[in-house]
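# Coordinates for the following, if possible.
(one chain, ligands or ions: 1)
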Amino acid sequence: MRPFSIVNIVFVASLVVIDLAYFAGVVEWWWILIIVLVYLHILVLGAIYIRWNFFLKSYNKGSKSNLIALTFDDGPSTETARILDVLMRQNVQAAFFSIGKNAVNHPELVKRWHNEGHLIGNHSYNHGFNFDWQSSKTMANEITQTNETIKKITGVIPKLFRPPYGVTNPNVAKAVSRTSMYSIGWNIRSFDTKAKDKDALLEKILSRLKGGDIILLHDSMAITAEILTELIVNARQKGFNFARVDQLLDLEAYA
Ligand SMILES: [Zn+2]
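Numbers count the residues shown, from 1 in each chain. Below you'll find the model as predicted:
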């Protein structure tokens, strides 16, 4: 049973108890408000923290002792080519969770991903701010549209899906199940999209490294391309090896 179902059961049971207590004159009315606010707060946290596996199971970490996986979201984008060059020089295979509409605009980069041995995952078609407010059917259509785009360019159909913003809810859960995708999270969020200082960003990632880590980065960020060589070299010096996220998790990459 998902935490969401357990929280719902506890919420309804608490409401019943508090209502009875209120009508019996044992507690004040605002206890009901507190229960509702706590419930809503837990739902928001469950939506934000993909690692809670609150609404659906996501794969957030591998179990292999010295293997770690680099994952890049939002491309193909401005830094994709530069990042691919670094990965090639360092002989590292990574995963790219692609936004479908960007793939349409840069098929040559999608081909490079595939030809250079990287995994292509699905990161929705539009990645709009409203993604999580859509129906599960619309979400599923976005996932399918991106899969078809990738298939047209490379011949492979992704099975790994990373929810936009890492936000999940019951409709995301339904869309993932409807499209038979695996939901992929992370356990190291670099916040490279907000980072200004290269050393701080590097240190933030390197200081937290443990075996089995899935590291979230973005191939839309210049700072990410700039630290990548150092990140790889330093991680190797610490004894880590790089694997593709599908290998780290023992999942099939493609349908
Ligand atoms: Zn994204």
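# Could I get the full set of helices for the chain?
3-23, 30-48, 80-90, 100-105, 107-115, 136-154, 170-178, 198-206, 222-237, 245-249 (DSSP state H).
# Highest average neighbour count across these: which stretch is it?
Each of the helices of the chain was scored by mean neighbour count; the highest is helix 245-249, a mean of 22, by mean count of other Cβ atoms under 10 Å. Heads up, the C-betas are built off the backbone N, CA and C, glycines and all.
# chain center to it, what's the gap?
14 Å (Cα atoms, centre = their mean, to the nearest Å).
# Next: stretch 131-151.
Using Cα atoms, centre = their mean, the offset of stretch 131-151 from its chain centre is 15 Å.
# Other residues contacting that stretch?
47, 98-100, 103-104, 110, 120, 122-126, 156-158, 161, 163-165, 167, 169-172, 174-176, 178-179, 181, 255 (Cβ atoms under 8 Å, 6 or more residues apart in numbering).
# try 6 Å
Applying Cβ atoms under 6 Å, 6 or more residues apart in numbering, the contact partners of stretch 131-151 are 100, 103-104, 120, 122, 124-125, 157-158, 164, 167, 169, 171, 174-175, 178-179.
# That one near the ion anywhere?
No: using Cβ under 5 Å from the ion, we find that stretch 131-151 stays clear of the ion, coming within 9.4 Å at best.
# Which strands or helices does the longest strand that the chain contains pack on?
In the chain, taking DSSP state E as the definition, the longest strand is strand 67-73. Judged by 3 or more Cβ pairs under 6 Å, 6 or more residues apart in numbering; DSSP states H and E, the packing partners of strand 67-73 are strand 95-98, strand 214-218, helix 245-249.
# Write out the residues of the stretch 51-200 of the chain neighbouring the ion.
So the stretch 51-200 of the chain meets the ion at 73-74 (Cβ under 5 Å from the ion).
# let's see 8 Å
73-74, 97, 99, 123, 127, 162, 164-165 (Cβ under 8 Å from the ion).
# For ChimeraX, write the select line for the buried members of those residues.
Selection of buried members from these for ChimeraX, criterion 16 or more other Cβ atoms under 10 Å:
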select :73,74,97,99,123,127,162,164
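# ok, so of the residues of the stretch 51-200 of the chain next to the ion, who is nearest Val36?
Nearest to Val36, judged by Cβ to Cβ, of these is Tyr165 at 25.5 Å.
# Roughly how far does that closest one sit from Ile99?
Tyr165 sits 12 Å away from Ile99, going by Cβ to Cβ, to the nearest Å.
# where does this protein dip in pLDDT?
Along the chain, no part satisfies pLDDT under 70.
# can you do 90?
1, 63-65 (pLDDT under 90).
# how is it carved up into domains?
Using automatic domain parsing, the domain ranges for the chain come out as 3-48, 58-249.
# near the ion, anything from the first one?
Okay, so that is domain 3-48. No: using Cβ under 8 Å from the ion, domain 3-48 stays clear of the ion, coming no nearer than 14.1 Å.
# Now do that domain: distance from first to last residue.
Distance across domain 3-48, first residue to last, is 14 Å (Cα to Cα, to the nearest Å).
# Nearest the middle, which residue of the chain would you pick?
Gly185 (3.5 Å; Cα atoms, centre = their mean).
# my read: that one touches Ile50, true?
Yes: Gly185 is within contact range of Ile50, at 3.8 Å (criterion: Cβ atoms under 6 Å).
# where do the contact lists of the two overlap?
Ser58.
# Report the spatially closest residue to Ala175, excluding sequence-adjacent ones.
Met139 (3.6 Å; Cβ to Cβ, 6 or more residues apart in numbering).
# quick one: contacts for Leu216?
Applying Cβ under 6 Å, 6+ apart, the residues near Leu216 are 71, 186, 189.
# can you pick the most crowded of these?
Counting neighbours by other Cβ atoms under 10 Å, the top entry in the contacts of Leu216 is Thr71, with 26 neighbours.
# From what I see, that residue and Gln93 are in contact.
No: judged on Cβ under 6 Å, Thr71 makes no contact with Gln93 at a distance of 11.3 Å.
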